[in-house]
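*Asks:* Model the following, please.
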Amino acid sequence: MRVVHGSAALGGPLERCVLTAGNFDGLHLGHQSIVRTVTSRAKALRGASAAYTFEPHPRRVLQPERPLHLLLTLEQKLEHFAAAGLDVVIVEPFDRSFAALPAERFVREVIHRRIAPVEMYVGYDFRYGRDRAGSMRTLTELGPHLGFAVTIIPEVKLGSRDVNSTRIRQLLAESRVEEARALLGRPYIVRGRVARGQQRGRGLGFPTLNLDPESELLPARGVYAGFAEFLDDGAPPKGSRFGAVTNVGLRPTFGGAEELRAEAHLFGFGADAYGRRVDLSFEHALRPERRFPGVAELQRQIQADADQARAKLGIE
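*Replies:* Prediction:
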């Protein structure tokens, strides 16, 4: 997959391009539906399948006072795009100058002249141009006039509820990781680097990996079952995967930490992993975080958590 940083760097229109555009935070089931349509149509036309997205997220620039914790890093988003079979991803640098571009000029100068799609597929809520004035009506009217067809993809529903990134963030904030997984089509994953901690877990007989997260959003405080996968070379090798029981919290039994952190005990793992990059998945919520009266009570609970996590993950 070719990654282009900025539509101006394309070097020319893409051949028989089938395009989608948006922020794609989470690349959830709704996004996946659009991407599947794009790749399928591109194959039928023997053209290039492409996604057009923005970095940073436009809200970071236009509404910096409103906190926004993204579900994916850019690296993760690009990996998911590649796995979905896209040929090209255009990552447009987003700043106030770009945001000031009127909607019609955006369609004419960026979408049409630089990318030149023959077909474009977007979600129902795609907005663009100065003051987000660009609507589906603008796009569906301008597109055919400029030579490309526009199809608006309706929102995907799971049961009676819409699938969207806001809902997934809320589910994670409520520890409902199984429901978040259903909307994402995969477990929620936090990516980060293993950092040195205070080695309290080792003293309890349950050594942990302390994750310095690159991802912006941790699930709510509590204990979870999932998997840890190593992303870089070392021992164990890249791609090695271990079942894990993970605590997200402030370690209240030991007086509390200043910021939320994730500490994972990996089953069958005993190597030094400091500095390694890891993907930590959250498959099942086990219980909320709580304070224990002493170390012995905490040890018993950690053992119970580990046993429950093994059972949930199907690990002997």
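
*Asks:* Now do residue 278: how many residues are near it, please.
*Replies:* Residue 278 has 26 neighbours, counted by other CB atoms under 10 Å. C-beta: built from backbone N, CA, C; applies to glycine.

*Asks:* Quickly list what the nearest residue to it once chain neighbours are set aside is bridged to.
*Replies:* Leaving aside its chain neighbours, residue 278 sits nearest to residue 228 (5.3 Å; criterion: CB to CB, 6 or more residues apart in numbering). Taking DSSP bridges as the rule, residue 228 bridges to residue 242, residue 280.

*Asks:* Report the contact partners of residue 228.
*Replies:* Residues near residue 228 by CB atoms under 8 Å, 6 or more residues apart in numbering: 209, 241, 242, 244, 264, 266, 269, 278, 279, 280, 281.

*Asks:* try 10 Å this time
*Replies:* 194, 209, 211, 240-244, 246, 264-267, 269, 273, 276, 278-281 (CB atoms under 10 Å, 6 or more residues apart in numbering).

*Asks:* do the same with residue 130
*Replies:* Here residue 130 is in contact with 98, 99, 100, 101, 102, 103, 104, 105, 106 (criterion: CB under 10 Å, 6+ apart).

*Asks:* Quick check on the residues you listed: which are buried?
*Replies:* 98, 99, 101, 103, 104, 106 (16 or more other CB atoms under 10 Å).

*Asks:* Dump those residues into TSV; add secondary structure as well.
*Replies:* Compiled in TSV, these are given as follows (DSSP: H, G, I helix; E, B strand; the rest coil):
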residue	secondary structure
98	helix
99	helix
101	coil
103	helix
104	helix
106	helix
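
*Asks:* Now do the SS call for residue 268.
*Replies:* Counting by three-state DSSP, the backbone at residue 268 sits in coil.

*Asks:* ok, back up a step: name the nearest of the contacts of residue 130 relative to residue 63.
*Replies:* Distance to residue 63 across the contacts of residue 130 (CB to CB) is lowest for residue 99, with 11.0 Å.

*Asks:* From residue 290, how far off is the closest one?
*Replies:* 45 Å (CB to CB, to the nearest Å).

*Asks:* which residues touch residue 233?
*Replies:* Contacts for residue 233 (CB under 10 Å, 6+ apart) come out as 239, 276.

*Asks:* pLDDT at it, what is it?
*Replies:* Predicted confidence (pLDDT) at residue 233: the value is 95.

*Asks:* Residue 47 too?
*Replies:* 98.

*Asks:* That one touches residue 18, doesn't it?
*Replies:* Yes - between residue 47 and residue 18 there is a contact under CB atoms under 10 Å: 5.9 Å.

*Asks:* Which of these two has more residues huddled nearby?
*Replies:* Neighbour comparison, residue 47 and residue 18: the larger count goes to residue 18, with 27 against 19 (by other CB under 10 Å).

*Asks:* packing partners for the helix or strand containing the more buried one?
*Replies:* Taking DSSP states H and E as the criterion, residue 18 maps to strand 17-21. The contact analysis (3 or more CB pairs under 10 Å, 6 or more residues apart in numbering; DSSP states H and E) places strand 17-21 against helix 29-45, strand 49-55, strand 88-93, strand 117-123, strand 149-153.

*Asks:* Buried residues of the shortest one, list them for me.
*Replies:* Applying a neighbour-count criterion of 16+ other CB under 10 Å, the buried positions in strand 149-153 are 150, 153.

*Asks:* Could you list the paired strands of whichever helix or strand comes after it along with their orientation?
*Replies:* Note on strand 149-153: by DSSP H and E, the next helix or strand toward the C-terminus is strand 157-158. The pairing partners recorded for strand 157-158 under DSSP bridges are strand 161-162 (antiparallel).

*Asks:* Need the contact partners of the partner strand.
*Replies:* Outside strand 161-162, the residues that reach it (CB under 10 Å, 6+ apart) are 30, 154, 155, 156, 167, 179, 183.

*Asks:* got the contact list for residue 192?
*Replies:* 73, 209-215, 218, 231, 261-262, 276-280.

*Asks:* just to confirm, which helix or strand has it in it?
*Replies:* Assigned by DSSP H and E, residue 192 belongs to strand 188-195.
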